[in-house]
Structure formats: structure tokens, C-alpha cells
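In: what would the 3D arrangement of this be:
(chains A and B)
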Amino acid sequence: MAQAGVGDRWRPPRGRHRLPPEVVARSQRERLLEAAIRVVATKGYGAMTVSDLTGEAGVSRTTFYELFEDKETCFLAAYDNAVDVLVRRVTRAYEAERDWPDRAAAGLAALLETLADEPALARLSLVDVGNAGPAAQRRYRAAIQRLTPLFEEGRDFAPRGRNLPANTSRMAIGAVTGLLADELVAGRAEQLPGLLSDVLFATLVPYIGPDAAAREVDRLTR
Amino acid sequence: MNLSGLIEKEHLPAGRQDLAEPLVAHSQRERILVAMADSCATKGFNATTIADICEPAGVSRATFYELFKDKEDCFHAAMEVSLADAMGRVVSVYSPDKPWATMVRDAAAEFLDLLASRPAFARMALVEAPASGDRAFELYASGKRVLQSLLDRGRDDPVEEEAIPSSAGRAALSGAESLIVGQILAGNAERLRELLPDVVYITTVPYLGQEEALRQSRQAEKLLSAPGG
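Out: Numbers count the residues shown, from 1 in each chain, chains lettered A, B, ... in the order given. Now for the predicted structure:
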């Protein structure tokens, strides 16, 4: 490699305008996605306008329409993005452990921590999902579907696994999200991590029964 | 134990005196409430307009605003009337002579049948109400509390339940609810009764243990295939 001459000396970037256009667009897009979650969480999807989004994100209307077709595509992109991060974090924590109860405990702990860090997203996906329109509701249910295999592994672990009702994993997930929603409605998002023993018991009990579930909760949350 | 008193005193918010009066005397009001529930079922609460309610109810806008403050007020009234009726029916299965598991099964069957026979109410109570503002949410939550207190009554041997978190019943009901809501959203409300074995299992397993809960669930399944079931 040729040595740089004196005239080619490295200089710090002069200003934001020197950033490549695709980098600028990416950060504008990200700001709009974050704004969408915040705006929907505070005023609801129905009342949200494109001006709310551009104001919150600090971008122009022209930029908005270069990046998104309308407020719905912006919101759904934001929603998908946030849910994707959540599901990946939960899955990673889950897969780091070996036995199913340990995996469930790790995945649920990651879920609780992520939601506690992002109360706007938590409320939006677990409490106000109906407000955000049918498309968001369908996406929410699709996201939940991605978590189903994590619960369904309980069937292989459970001694009576083959005799359990076909809908066991759906009900276990519903039990967990129900407990989370109750906590969020009560305005206790930041205290979600303290709910681990409750959601873990709700996850384990349909698969291994109350006695084994209580023992596992005790071991895993001590 | 007076369970019919439950919904009156402990669990529903105050201000329901109008329910005691015969609905016939409120026929316009009644038609509006039915139209509200129907519109919620077809296009959802958010998209429902006053015109969507007035037209099928055969009342003028002026009449609507004489009877209700706004759309929220009307939704709230519709939810209140039908919820009180529904909870009354479910609670009526309670009898101190019945074993607890039988009572849970009968209450679950009654609730599922009720939702299946009134799909508009099912959607309003379980899909729209939780997402339509604080007042509607509170009514939805009060309905859940009635079901939960039913689940808590008449269980013997609470000593052995020490190891179980106090949220276990609430969690089980949410598990059953999500299954029911999934069926409603899929447009299969009329087949809700098929969920009886699952609902029986999830609501009894924390208290009866797996073996007995599975036995109860199989019995519920037999009940479904029995003639007239």
C-alpha cells in the first residue's frame, strides 16, 4: 500500500452534510420508526397524523413521503422492527440454556427486561394492539406465533406431554401475555422483571403440573 | 354463599340502576345498543360512526344524543347491559352442592355457549372493549374479575396451594381468553364450544394437578360428543 502523502492527510469529517445520502436516509427512517411507536403510545393510532411523526422525528414532510407511503406503512414498519428485536432477544436468551425450564426462565427474563426498557412498545403490543388497526393486530398474532416453538418444547420435556391438549402452548402464551398486560395497565412497566416467578409458573404449570412447576420456579428464581 | 350478589356489589362499577328497569320500556335505547354491538362486530368500535348506529336502530341523531352523550357513552352502556346479563348467566351455574371441577366446567360451557350464540357481544366484550378506552376497559376487567372470583369459590384445601402464586387463576383465565379471542378473530365464534376441554384443563391444572385436570378435560370432551352436548 502506498504511503499517504502530506497533501492527503486525514481530516475529520466536516459536518453532517458530508455524510453519504443513504446514511442520512437511514437515520431519518430510524427516527421516524421510533417516533411512530412513541406517538401511537401517547395519542393512539387513530389520532396520529403524518405531522405528528415528522414533528417528533424532526424530518420534513417531503422526506417522510420519500421514505414511506403513508402513516400506516410507517407505523407497521416500526412495529415489525420493534417486535423483531424483541423476538430475537428472547430467542437468544432461551437458546443459551439447555433444559426446557431453564430455557423458559431465561427467555421470559429477557422478555420482561426488554419490555421494561421500552414501556411504550410494551403497552402498544400487549394492551393497545386493538387500537392500532387490524393490520397491527394480525402482525402481533404473527409475532406471538414465532414464540410458540419455545413453549411447545415443553411438550417434549413433560412426562405427560403427548396427552396434553393441542392448544396448550397457545394458552400458556396467553397466560403470560395476560399477566404482562395486567401489569402494564396498572402502570407498572418498570417493575415487569419482578414478575418472573409468576410468568414462569404460568408457563410451566400446564406442561409439568403445579408441584413440579413450583419446585422449578423456586430453583430458577432463587 | 350468595354469588348473584357478586356482580351487583363487588365487581361492577356503580351506576347500573337502569338495568333493573325493563328493557322494553327503553326500546329505542335497546335498539341503539344492539346496533352499536352489531357495528362493533362488523367494523370495529373505532370505525363506527353515529350514523352506523342510528340507521339500523331507526332513530334520529337527535334521539341518539338525547339518550347518550357520545359514541363512547353508548358503547359503555351496550357493554354494561350485555355484560351484566352474561355474567349473571355464568354465575347462575354455581351451587354449593357441586364439586368445584364440575362447577368450573359448567361455568365454562355456559360462557362458551353464550359467546357462540351472541357473536356480536363476543367481539364487543373480548376484542373491542379491551382496546376502546379506559371506561370500556374497566368494564371488560370487571367481567374478568367476576369469572376469577367464580374460579376462586368453593375450592377446598387452600393449605396445599401455598406454593402456587396468587396470580395462577388470573393467568389461567387469560390463557383461556386468548384461545377464545383467537377463535373469534378467525371468524369461528359459533364453534367456541369445541374449546371446552382446553378451557377446563387450563383453569383446573394449577389447583387439581395434571392427572386430575386431564381427567376433567376428557370428561368435558365426552360431554361435547354426547347427544345434545
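
In: CA atoms for contacts and neighbours, from now on please.
Out: Noted.

In: next one: the helix or strand where B:Leu223 lies to chain centre, how far?
Out: Using DSSP states H and E, B:Leu223 sits in helix B:210-225. Distance of helix B:210-225 from the chain centroid (Cα atoms, centre = their mean, to the nearest Å) equals 23 Å.

In: can you tell me how far the residue positioned nearest the centre of chain A is from A:Ala122?
Out: Chain A has A:Leu86 as the residue nearest its centroid, 3.2 Å off, counting by Cα atoms, centre = their mean. Distance of A:Leu86 to A:Ala122, computed by Cα to Cα, to the nearest Å: 10 Å.

In: kindly report the same for A:Ser60.
Out: Distance from A:Ser60 to A:Ala122, by Cα to Cα: 28 Å.

In: now swap in A:Glu190 and tell me
Out: A:Glu190 is 11 Å from A:Ala122, by Cα to Cα.

In: common neighbours of those two, please.
Out: A:Ala116 (Cα atoms under 8 Å, 6 or more residues apart in numbering or on different chains).

In: neighbour-wise, which of those two wins?
Out: Neighbour count, other Cα atoms under 10 Å in any protein chain shown: between A:Glu190 and A:Ala122, A:Ala122 has more, with 25 against 16.

In: check residue 38 and give its pLDDT.
Out: Reading this off chain A. At A:Arg38, the model reports a pLDDT of 87.

In: should've been chain B
Out: 87.

In: ok, for it, nearest residue in space, not its chain neighbours?
Out: Once flanking residues are discounted, B:Asp38 sits nearest to B:Ala120: 5.5 Å by Cα to Cα, 6 or more residues apart in numbering or on different chains.

In: please tell me how far that neighbour sits from chain A.
Out: 16 Å (Cα to the nearest Cα, to the nearest Å).

In: so who does residue 119 touch?
Out: No chain was given, so I picked chain A. A:Ala189, A:Glu190.

In: was after chain B, sorry
Out: Contacts of B:Pro119 by Cα under 8 Å, 6+ apart are B:Ala41, B:Ile184, B:Ala189, B:Glu190.

In: these in helices, which ones?
Out: Mapping the contacts of B:Pro119 onto helices (DSSP state H) picks out B:Ala41, B:Ile184.

In: can I get the contacts of B:Pro119 in CSV including pLDDT?
Out: Compiled in CSV, the contacts of B:Pro119 are given as follows (pLDDT from 0 to 100):
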residue, pLDDT
B:Ala41, 80
B:Ile184, 92
B:Ala189, 91
B:Glu190, 91
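
In: show me where chain A has its helices.
Out: Counting by DSSP H, the helices of chain A are A:21-43, A:50-57, A:61-67, A:71-95, A:100-117, A:119-126, A:133-157, A:168-185, A:196-221.

In: actually chain B, sorry about that
Out: Going by DSSP H, chain B shows helices at B:4-5, B:27-43, B:50-57, B:61-67, B:71-91, B:100-117, B:119-123, B:134-152, B:168-185, B:196-208, B:210-225.

In: deepest-packed of those, please.
Out: Of all the helices of chain B, helix B:196-208 has the most neighbours on average by mean count of other Cα atoms under 10 Å in any protein chain shown, namely a mean of 26.

In: contact residues of chain B facing chain A?
Out: Taking Cα under 8 Å from any Cα of the partner chain as the contact definition, chain B meets chain A at B:46, B:127-128, B:130-132, B:163-165, B:167-168, B:170-179, B:197-198, B:201-202, B:205-207, B:209-210, B:214.

In: shaky segments in chain A?
Out: Along chain A, segments meeting pLDDT under 70 span A:1-18, A:128-133.

In: enumerate the residues of it near chain B.
Out: A:46, A:127-131, A:163-165, A:167-168, A:170-179, A:198, A:201-202, A:205-206, A:208-211, A:214.

In: next, the distance between the ends of stretch B:62-77.
Out: 18 Å.

In: what's next to it, contact-wise?
Out: B:Arg29, B:Ile32, B:Leu33, B:Met36, B:Ala37, B:Thr49, B:Ile50, B:Cys54, B:Arg135, B:Ala136, B:Leu139.

In: try 7 Å
Out: For stretch B:62-77, the surrounding residues in contact (Cα atoms under 7 Å, 6 or more residues apart in numbering or on different chains) are B:Arg29, B:Leu33, B:Met36, B:Ile50, B:Ala136.

In: can you give the distance of that stretch from its chain's centre?
Out: Taking mean C-alpha positions (Cα atoms, centre = their mean), stretch B:62-77 and its chain are 23 Å apart.

In: okay, the residue of chain B most remote from its centre: pLDDT?
Out: Most distant from the centre of chain B: B:Ala62, at 31.8 Å, with distances by Cα atoms, centre = their mean. Listed pLDDT for B:Ala62 reads 93.

In: equivalent analysis for the one 10 residues further on, please.
Out: Reading off the per-residue confidence, B:Glu72 sits at a pLDDT of 90.

In: separation between it and chain A?
Out: 14 Å.

In: domains of chain A: list them as residue ranges, please.
Out: A:21-72, A:79-221 (automatic domain parsing).

In: so for B:Ala86, which of those sits nearest?
Out: domain A:79-221 (21.5 Å; Cα to Cα).

In: run the chain-centre distance for the closest one.
Out: With Cα atoms, centre = their mean, you get 11 Å for domain A:79-221.

In: could you do stretch A:214-222 as well?
Out: Distance, centroid of stretch A:214-222 to centroid of chain: 26 Å (Cα atoms, centre = their mean).

In: now stretch B:72-87
Out: 11 Å.

In: picking up where we left off before, buried ones among the residues of chain A next to chain B?
Out: Buried members of the residues of chain A next to chain B, counted by 16 or more other Cα atoms under 10 Å in any protein chain shown: A:127-131, A:164-165, A:167-168, A:170-179, A:198, A:201-202, A:205-206, A:208-211, A:214.
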